[in-house]
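Enquirer: sharing a sequence plus its predicted fold:
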Amino acid sequence: MRHGYQGVPRWIYVLAAAGALFVLLPLAAIVAKVNWAEFLPLVTSESSLTALGLSLRTSAASTVLCIVLGVPLALVLARGQFRGQRLLRSFVLLPLVLPPVVGGIALLYTFGRQGLLGRSLELAGIQVAFSTTAVVLAQTFVALPFLVVSLEGALRSAGSRYEAVAATLGARPTTVLRRVTLPLVLPGLASGAVLSFARSLGEFGATLTFAGSLQGVTRTLPLEIYLQRETDADAAVALSLLLVAVAVAVVGLSYRRPGAAGGRGPGGAERATRDGAPEPAPERAAP
Amino acid sequence: MSLRTRIAAVAMAAAMAAAAAGCAASTGQNAAASDSGKTLTVFAAASLKAPFTKLATTFEESHPGTKVALSFAGSSDLVTQISQGAPADVFASADTKNMAKLADAGLLDGAAATFATNVLAIAVPPANPASIASFADLARPGVRVVVCAGQVPCGTATAAVEKATGVTLKPVSEESSVTDVLGKVTSGEADAGIVYVTDVKAAGDKVKGIPFAEADKAINTYPIATVGSSKNKELAAAFTALVTGAEGNKVLSDAGFGTP
C-alpha cells in the first residue's frame, strides 16, 4: 500500500519506534543475559524437559477444551438473539482483564476441596486440586476468551448469507453448521485456537494459586522458571528464552498462515469470503 | 530534521525525564532531601512483615522527621534487587545463605549481625481433618502435604528435618514460597503444610500449629546488615541497633521468633 497519501504524520513514527523499543528491548536483554556456553545443558536438564513436556501437553488439552466450550459460546454470541447476551459476552471476556491470581482463587472456590463443586467431585472420587487436571482447568479459564473473541469476530464478518441459502435449500441447522458455517470461519477458529494455546503456555498465576507446583504433575514451564530464579538465575534466563522462542513461533504461525486472516480482524474473514475460500457450495450443503 | 520532529523529540525527552524523576521520587531515595526529611529504606524478608512494621513505627517516633520505607519480599528476590542497584539502606534476610551472596559480592557495609531465629512447624486446617499429631504422621498414605521447594530456605529446612528424622514425605505440591504453602492450608486444599512457627502465629485461628520436637534439627537464623551503597549509614546503624536490641527482641519474640 505504498501508493499516494500515507496519512501518518512523521512524528508518529518517532513514538511508534519508542513503543516498539519498549517491547523489543527487554526481549533483547534476555538474549544478552543468556549464558550460551551453559544454554543447552540448562534447557535440556531433566526438570526443564519435564516442565516443557507438561506445558505442551496441558496447553494442547486446554486448547481442545477451549474449542469444545468456546465454539458453541461464540456461535451463541454471534448468531443467537436473547436477553442478557451483552452481559454474557462481558462475563465470558472477563478472564482477559482479570489478574490470573484472581482467576486461580475463583477456581479454587469452585473446584477446590471446600469449593462449590469440589465437595461433590470429592464424593465422586475425583480430586482436582494438585492434579494435572487443575492445570488444564486454570489454562482453559484464562485462554477461553481468546478463542471466543477470534471466532465471534470471524462469524460476524462472514455474515449469515450462505447459511440462509443452505437453510432455504432444506439443510437442517446442524448440517448448516457443519458444512457451511464452520468451514467458512475455519481461519478464525484456527487463529483463535493458536492464541488460546499460546495463552495456556504462558499461564502462571492461576496455576500457582489453584494447582500447586510439583515436578511432572503441575509444575509447568512458567512455574519452573519462577522456581529456578530462586537459586539459578542462568537457568531461569535460559528457560525464559525457550518460552519466548516457543511463543514467537506460535504467534508467528497464527499470523503468517496465508488463510489465517481471521486473526487480523474482520477484514480478513471478509476477504476469505470474496476469494471463495468457503468450500461448501450451497448445493453441496443440500441433503 | 524538521521543526516539528524536533519539537516532538524534545517533548518525548521531557516526558521521559519527568517519568524518570517520578520513579526516583517514589522509591523514597531522594538524594536531595534535607537532613530532617530523610528516608531510610529497609529491605526485609517477607516473614518479618509484622515485627518490622512495628519497629519502623518505633524508629520514626524516636527519630522525628525520618521516614522508614519498608519493602518485603522473598530474601533471594531482595538480593537480586540489591545486586541490580535497588536503593536499600538496610537488608534483613531470612537465611544466612542469601546474606552471604551480598557479602561475597562486596555489597555490604561491615559484617551482618544475627537478630532472630525461626523453626519449622506443621500447619493444619483448624479441624485437622487428617488428625496430624507428629512429623511422622505426615508420611501416612493419603495425607495431602504441601511443602516448600528445595530451592527456597523453608524447603532446605524441611529437607534437613526429613533427613534427621528418617521420615520421607511425598508432598502433593512443592511451593516456591512459604506463604503459598500456608495458602494451601488455609483454603483447606491441603491436610498439612510445613511452614515456620511465626507463620502459624501470624495466621491466627485460620490454621492450627503443631510443633514437633525434630524442628530444632533445622534452625533458621536471620541476619541484618547495612547495604554498602547506603547514603544514610548512621541511620541504618541506628535501625540495626533497634532490631538487635532489647526492644527488637521483645517485638520479635512476640511474633514467635527465637532470639539468639
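Expert: Looks like it arrived, so ask away. Residues are numbered from 1 along each chain as shown, chains lettered A, B, ... in the order given.
Enquirer: show me what the helix or strand where A:V176 lies is packed against.
Expert: Assessed by DSSP states H and E, A:V176 sits inside helix A:173-176. Packed against helix A:173-176 by the contact rule (3 or more Cβ pairs under 8 Å, 6 or more residues apart in numbering or on different chains; DSSP states H and E) you find helix A:161-168. Just so you know, the C-beta spots here come from the backbone N, C-alpha and C atoms, and that holds for glycine as well.
Enquirer: residues near A:R10, how many?
Expert: Using other Cβ atoms under 10 Å in any protein chain shown, A:R10 has 12 other residues around it.
Enquirer: try the one 10 residues further on
Expert: Look at A:A20: counted by other Cβ under 10 Å, it has 10 neighbours.
Enquirer: and the helix or strand containing it, what does it pack onto?
Expert: Secondary structure assignment for A:A20, by DSSP H and E: helix A:10-33. Packing contacts for helix A:10-33, counted by 3+ Cβ pairs under 8 Å, 6+ apart, involve helix A:233-256, helix B:3-26.
Enquirer: just want the angle from that helix to helix A:233-256.
Expert: Helix A:10-33 and helix A:233-256 meet at an angle of 140 degrees, taking axes from the mean of the first three to the mean of the last three Cα atoms, to 10 degrees as the criterion.
Enquirer: just the buried positions in helix A:10-33, please.
Expert: If you call a residue buried by 16 or more other Cβ atoms under 10 Å in any protein chain shown, then helix A:10-33 has these buried ones: A:W11.
Enquirer: which bits of chain A sit near chain B?
Expert: Applying Cβ under 8 Å from any Cβ of the partner chain, one finds that chain A approaches chain B through A:9-11, A:14-15, A:18, A:108, A:112-114, A:129-130, A:208-209, A:211-215, A:218-219, A:223, A:226-231, A:233.
Enquirer: hmm, back to that, could you point out which element follows the helix holding A:V176?
Expert: Next along the chain from helix A:173-176, counting by DSSP H and E, comes helix A:182-184.
Enquirer: distance from the chain centre to that next one, please.
Expert: Offset of helix A:182-184 from its chain centre (Cα atoms, centre = their mean, to the nearest Å): 19 Å.
Enquirer: helices or strands up against that helix?
Expert: helix A:266-274.
Enquirer: and A:R86, how many neighbours?
Expert: By other Cβ under 10 Å, 9 other residues sit near A:R86.
Enquirer: roughly how far apart are it and A:G80?
Expert: Applying Cβ to Cβ, to the nearest Å, the value for A:R86 to A:G80 is 12 Å.
Enquirer: A:T63 too?
Expert: 24 Å.
Enquirer: which of the two has more residues huddled nearby?
Expert: Neighbour count, other Cβ under 10 Å: between A:T63 and A:G80, A:T63 has more, with 27 against 9.
Enquirer: now that one: closest residue in space that isn't a chain neighbour?
Expert: In space, and not counting its chain neighbours, A:T63 is closest to A:F197: 4.5 Å by Cβ to Cβ, 6 or more residues apart in numbering or on different chains.
Enquirer: could you do A:R89 as well?
Expert: A:L77 (5.4 Å).
Enquirer: buried residues in the one helix or strand the one you found maps to?
Expert: A:L77 is part of helix A:46-79 when elements are defined by DSSP H and E. For helix A:46-79, a neighbour-count test (16+ other Cβ under 10 Å) marks A:48, A:50-52, A:54-56, A:58-59, A:61-63, A:65-67, A:70-71, A:73-78 as buried.
Enquirer: low-confidence ranges in chain A?
Expert: A:1-4, A:256-287 (pLDDT under 70).
Enquirer: which helix or strand contains the residue nearest to the spatial centre of it?
Expert: The residue lying closest to the centre of chain A (Cα atoms, centre = their mean) is A:S196, at 1.1 Å. Per DSSP H and E: A:S196 is located in helix A:186-202.
Enquirer: got the CA positions of that helix in PDB?
Expert: The C-alpha coordinates for helix A:186-202 follow below in PDB (Å, rounded to 0.1, in the frame of the first residue of the first chain):
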ATOM      1  CA  LEU A 186     -12.100 -22.100   9.900                       C
ATOM      2  CA  PRO A 187      -9.300 -19.500   9.600                       C
ATOM      3  CA  GLY A 188     -10.700 -17.500  12.500                       C
ATOM      4  CA  LEU A 189     -11.100 -20.700  14.500                       C
ATOM      5  CA  ALA A 190      -7.600 -21.700  13.700                       C
ATOM      6  CA  SER A 191      -6.000 -18.500  14.800                       C
ATOM      7  CA  GLY A 192      -8.200 -18.400  17.900                       C
ATOM      8  CA  ALA A 193      -7.100 -21.900  18.800                       C
ATOM      9  CA  VAL A 194      -3.400 -20.900  18.300                       C
ATOM     10  CA  LEU A 195      -3.800 -17.900  20.500                       C
ATOM     11  CA  SER A 196      -5.500 -20.000  23.200                       C
ATOM     12  CA  PHE A 197      -2.600 -22.400  23.000                       C
ATOM     13  CA  ALA A 198      -0.100 -19.600  23.400                       C
ATOM     14  CA  ARG A 199      -2.000 -18.100  26.400                       C
ATOM     15  CA  SER A 200      -2.200 -21.500  28.000                       C
ATOM     16  CA  LEU A 201       1.500 -22.000  27.600                       C
ATOM     17  CA  GLY A 202       2.200 -18.800  29.400                       C
END
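Enquirer: same for that helix, what does it pack against?
Expert: On a contact count with 3+ Cβ pairs under 8 Å, 6+ apart, helix A:186-202 meets helix A:46-79, helix A:132-158, helix A:233-256, helix A:266-274.
Enquirer: one more time with 10 Å
Expert: If you count contacts as 3 or more Cβ pairs under 10 Å, 6 or more residues apart in numbering or on different chains; DSSP states H and E, helix A:186-202 packs onto helix A:46-79, helix A:132-158, helix A:221-231, helix A:233-256, helix A:266-274.
Enquirer: the stretch 101-250 of chain B: helices as residue ranges?
Expert: Secondary structure of the stretch 101-250 of chain B (DSSP state H, counting those that start in this stretch): helices at B:153-165, B:178-186, B:197-202, B:233-244, B:246-254.
Enquirer: chain A is nearest to which of these?
Expert: Chain A lies closest, by Cβ to the nearest Cβ, to one member of those: helix B:178-186, at 6.7 Å.
Enquirer: contacts only, for the nearest residue to A:V31 once chain neighbours are set aside.
Expert: Using Cβ to Cβ, 6+ apart and skipping the chain neighbours, the partner closest in space to A:V31 is A:L241 (6.6 Å). If a contact means Cβ atoms under 10 Å, 6 or more residues apart in numbering or on different chains, then A:L241 has A:27, A:30-31, A:33-34, A:39, A:42-43 as its contacts.
Enquirer: need the helices and strands packed on helix A:186-202 in TSV (columns: distance to B:P171).
Expert: Formatted as TSV, those follow (distance: least, Cβ to Cβ, whole Å):
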stretch	distance to B:P171
helix A:46-79	16
helix A:132-158	15
helix A:221-231	14
helix A:233-256	22
helix A:266-274	48
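Enquirer: could you find the closest non-adjacent residue to the residue nearest to the centre of chain A?
Expert: A:A143 (3.9 Å).
Enquirer: surely A:F82 is in contact with A:R89?
Expert: No: using Cβ atoms under 10 Å, A:F82 is not in contact with A:R89; the gap is 11.6 Å.
Enquirer: what touches both of those two?
Expert: With Cβ under 10 Å, 6+ apart as the test, A:F82 and A:R89 both reach A:V76.
Enquirer: more neighbours: these two, which one.
Expert: A:R89 (19 against 7).
Enquirer: what about that one, distance to chain B?
Expert: 31 Å (Cβ to the nearest Cβ, to the nearest Å).
Enquirer: assign a three-state SS to that residue, would you?
Expert: Following DSSP: H, G, I helix; E, B strand; the rest coil, we place A:R89 in the helix state.
Enquirer: pretty sure it contacts A:V149?
Expert: Yes: between A:R89 and A:V149 there is a contact under Cβ under 10 Å: 9.4 Å.
Enquirer: need the residues touching each of those two.
Expert: With contacts taken as Cβ under 10 Å, 6+ apart, A:R89 and A:V149 have A:74, A:77 as neighbours in common.
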